[in-house]
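Student: here you go, sequence then predicted model.
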Amino acid sequence: MEIKILGPGCPKCKILEKLTREVVEQSGIEATVTKVEDIVAIMNYGVMTTPALVVNEKVVLKGRVPSAEELKKLLIN
């Protein structure tokens, strides 16, 4: 699984990145987590509000930080 956190480095973006890494590690999910900070690359996903979460090249969340439980459901399904 490929997971990308889209965001320019704002506090919410950093929280989402940290939370995503924690959930992946705790759940034993086999995934590569990367952070995308380039505005043009972010806009190529059609995202105008950050942070955003991309799983296998599909935007699954944008504009907010989910709870750990919600994030786990997004990653497992």
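Tutor: In hand now; what should we look at?

Student: next helix or strand past the lengthiest helix in the chain?
Tutor: Assignment by DSSP state H gives helix 11-27 as the longest helix of the chain. Counting by DSSP states H and E, the next helix or strand C-terminal to helix 11-27 is strand 32-36.

Student: what does that following strand contact?
Tutor: 1-7, 13, 17, 20-21, 24, 42, 54 (C-beta atoms under 8 Å, 6 or more residues apart in numbering). Placement of C-beta: from N, CA and C, glycine included.

Student: tell me which residue lies nearest the centroid of the chain.
Tutor: Closest to where the C-alpha atoms of the chain average out (C-alpha atoms, centre = their mean) is residue 53, at 2.9 Å.

Student: how near is that residue to residue 36?
Tutor: Shown here: residue 53 relative to residue 36, a distance of 11 Å by C-beta to C-beta, to the nearest Å.

Student: phi, psi for the residue nearest to the centre of the chain please.
Tutor: phi -120, psi 130 (degrees, to the nearest 10).

Student: for the closest residue to it other than its chain neighbours, give me its contacts.
Tutor: The shortest distance from residue 53 to any non-neighbouring residue, by C-beta to C-beta, 6 or more residues apart in numbering, is to residue 61 (4.2 Å). The neighbours of residue 61, taking C-beta under 8 Å, 6+ apart as the test, are 52-53, 74.

Student: in three-state terms, how would residue 61 be classified?
Tutor: strand (DSSP: H, G, I helix; E, B strand; the rest coil).
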